[in-house]
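# turn this into a structure:
(chains A, B, C and D)
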Number of protein chains: 2
Amino acid sequence: MNPRGRRPGGADTRTAILEAARGEFAARGYAGASLRGIARAAGVDPRLVHHYFEGGKSALFTEVMAIPLDPAATVAKILQGPPEQIGERIVRTFLTVWDDPQYQPTLVGFIRSVFVDEARMVQVQGYVATDIFGQVIAAHPHARQLPPRERALRAGLIASQMLGLALGRYVVGLPGLVRAPAGTLVERIAPVIQGHLER
Amino acid sequence: MNPRGRRPGGADTRTAILEAARGEFAARGYAGASLRGIARAAGVDPRLVHHYFEGGKSALFTEVMAIPLDPAATVAKILQGPPEQIGERIVRTFLTVWDDPQYQPTLVGFIRSVFVDEARMVQVQGYVATDIFGQVIAAHPHARQLPPRERALRAGLIASQMLGLALGRYVVGLPGLVRAPAGTLVERIAPVIQGHLER
DNA sequence: ATCTTTATTCATCATGTGATGAAATGTATG
DNA sequence: CATACATTTCATCACATGATGAATAAAGAT
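Residues are numbered from 1 along each chain as shown, chains lettered A, B, ... in the order given. From the prediction side, this is the model:
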């Protein structure tokens, strides 16, 4: 039917696939999205997905989820400044990243995929608990002096707070959270986190 | 190979399937669990799943997720007692239900399935926001007087708090939250919820 | 102008899925 | 004892999935 061979003009197929995949993964999660569906969304033959992403679906997913956002740097930035405003900086940074249309589909896709794959869940668990909020705890003048069990608890409380915010606002779409401007959420949630650090 | 026909002895196949399904749905989510896998886990021919649950996978899922736990009654119970301890009662009730081995697999399965199916997400969104925490807001002497937008925000904040707790403690398994006894979590989280109601 | 590389389409494969029909065999009922 | 019914096994269906091989045409290099 269609003419075979290379298409004229430099249509950036690879990018089209990546973007379609981002959307599909965000909307349906890893298991729910199909190669064919992604190809369809990109207006492209399914075979091309394999052509551009050797390793198929999982390779594509890996590339989609490779967010150009250095968590270590972000954490470092949060840690700068007065410790009594760490909570505010955490929430504000978090919302800024998640509200950014450049990152949002990727992050939503990522967080939805987390609950499907057991291995990924363990990986995230260690990552979030240790690399992100563990760092925050370790840098806080009061919290750093607590016994390990207490530190883990605080990290867990903060992590669950942010997890709930991400899911409520961006995945489930709880109206109260979706409609609220970022500033309002910072105002409400920052003190909670600050409390988990200081009290 | 195996002898056909009705098996001797009163093996309660239906229950076996239900329990296997509960486990599979909890472990893999709705999409991830397969009829054949459930049948295998129950030690039963796949056809029997259709035999006992007319409507197949979705009917089975519906039945599995029909928790014998009346949310309205639970909410009503929470609303009894002094308003200044509503937060505490919410968190305590929540943890009691989720820590109960009778409910836990079902609830975990349910919450994991929520993020896969778009329709289910919308359903839960309305349910959680309106039926559960909307009720709580409506019953609180201070929060009930707030403008609608504020009430929705408070409900969202509380819902996201509990959502994060459920995911952190029971799904992702953040160590700090898993190891903490229920009492400790009540101690930490109840004031936050109370604050969302009163301030 | 020729050759190589890349992009694209088409045609299948093997596998796993949920679903259904039909046969066989036990238990219960008359 | 005979008949009806519920339970179980087997055999497929139709379909979607991810993956791969092969053919073809454009673009780029020499």
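# worst mean pLDDT across the helices and strands of chain A, which element?
Each helix and strand of chain A was given a mean pLDDT (mean pLDDT, DSSP states H and E); the minimum falls on helix A:118-126 at a mean of 70.
# does A:Ile86 touch A:Val136 like I think?
Yes. Counting by CB atoms under 8 Å, A:Val136 is a contact partner of A:Ile86 at 6.7 Å. (C-beta placed from N, C-alpha, C; glycine too.)
# shared neighbours of these two, anything?
Any residue near both A:Ile86 and A:Val136 by CB atoms under 8 Å, 6 or more residues apart in numbering or on different chains counts here, and that gives A:78-79, A:197.
# sorry, back to before: which parts of the helix or strand following the least confident helix or strand of chain A are buried?
Sequence-wise, the next helix or strand downstream of helix A:118-126 (DSSP states H and E) is helix A:133-139. By 16 or more other CB atoms under 10 Å in any protein chain shown, the buried positions in helix A:133-139 come out as A:133-137, A:139.
# from these, pick the one nearest B:Phe110.
A:Phe133 (26.7 Å; CB to CB).
# so where is chain A shaky, pLDDT-wise?
A:1-11, A:116-120, A:123 (pLDDT under 70).
# what residue spans form the domains of it?
A:13-65, A:71-198 (automatic domain parsing).
# can you map out the helices along chain A?
Along chain A, the segments classed as helices by DSSP state H run A:13-32, A:35-42, A:46-52, A:56-65, A:71-79, A:86-99, A:104-114, A:118-126, A:133-139, A:148-166, A:175-179, A:182-198.
# could I get these as a markdown table with distance to B:Val178?
Output for those, formatted as a markdown table (distance: least, CB to CB, whole Å):
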| stretch | distance to B:Val178 |
| --- | --- |
| helix A:13-32 | 24 |
| helix A:35-42 | 36 |
| helix A:46-52 | 39 |
| helix A:56-65 | 26 |
| helix A:71-79 | 23 |
| helix A:86-99 | 22 |
| helix A:104-114 | 16 |
| helix A:118-126 | 10 |
| helix A:133-139 | 15 |
| helix A:148-166 | 8 |
| helix A:175-179 | 26 |
| helix A:182-198 | 17 |
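# most packed of the ones you listed?
Of those, the one with the most neighbours on average (mean count of other CB atoms under 10 Å in any protein chain shown) is helix A:148-166, at a mean of 23.
# may I have that one exported as CSV, CA atoms only?
Only the C-alpha atoms of helix A:148-166 are listed here, as CSV (Å, rounded to 0.1, in the frame of the first residue of the first chain):
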residue,chain,number,x,y,z
PRO,A,148,18.7,5.8,63.3
ARG,A,149,15.3,4.4,63.8
GLU,A,150,13.9,7.9,64.4
ARG,A,151,15.7,9.3,61.4
ALA,A,152,14.2,6.5,59.2
LEU,A,153,10.8,7.4,60.6
ARG,A,154,11.2,11.0,59.8
ALA,A,155,12.4,10.3,56.3
GLY,A,156,9.4,8.0,55.8
LEU,A,157,7.0,10.5,57.0
ILE,A,158,8.3,13.2,54.7
ALA,A,159,8.5,10.8,51.8
SER,A,160,4.9,9.7,52.3
GLN,A,161,3.9,13.3,52.5
MET,A,162,5.4,14.0,49.1
LEU,A,163,4.2,10.8,47.6
GLY,A,164,0.7,11.5,48.7
LEU,A,165,0.9,15.0,47.2
ALA,A,166,2.2,13.7,43.9
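# quick check: angle from that helix to helix A:86-99?
Using axes from the mean of the first three to the mean of the last three CA atoms, to 10 degrees, one finds that helix A:148-166 and helix A:86-99 are set 40 degrees apart in direction.
# what angle separates helix A:148-166 from helix A:182-198?
Interaxial angle, helix A:148-166 versus helix A:182-198 (the same axes, to 10 degrees): 170 degrees.
# ok, the residue lying closest to A:Arg188 once chain neighbours are set aside - contacts?
Distance criterion CB to CB, 6 or more residues apart in numbering or on different chains; nearest residue to A:Arg188, sequence neighbours excluded, is B:Leu157 at 5.9 Å. B:Leu157 sits next to A:176-177, A:188-189, B:196 when contact means CB under 8 Å, 6+ apart.
# ok, A:Gln161 - contacts?
Going by CB under 8 Å, 6+ apart, A:Gln161 touches A:189, A:192-193, A:196, B:161, B:164.
# kindly report the same for A:Leu35.
A:46, A:49-50, A:56-57, A:60.
# for DNA strand C, state which of the buried residues of helix A:133-139 is nearest.
Nearest to DNA strand C among those: A:Phe133, at 36.2 Å, using CB to the nearest atom of the strand.
# mind listing what the residue nearest to A:Arg89 when sequence neighbours are not counted touches?
In space, and not counting its chain neighbours, A:Arg89 is closest to A:Ile78: 4.9 Å by CB to CB, 6+ apart. Residues in contact with A:Ile78, defined by CB under 8 Å, 6+ apart, are A:86, A:89-90, A:93, A:136.
# tell me the spacing between A:Ile78 and chain B.
Applying CB to the nearest CB, to the nearest Å, the value for A:Ile78 to chain B is 19 Å.
# that's all I had, so thanks and see you.
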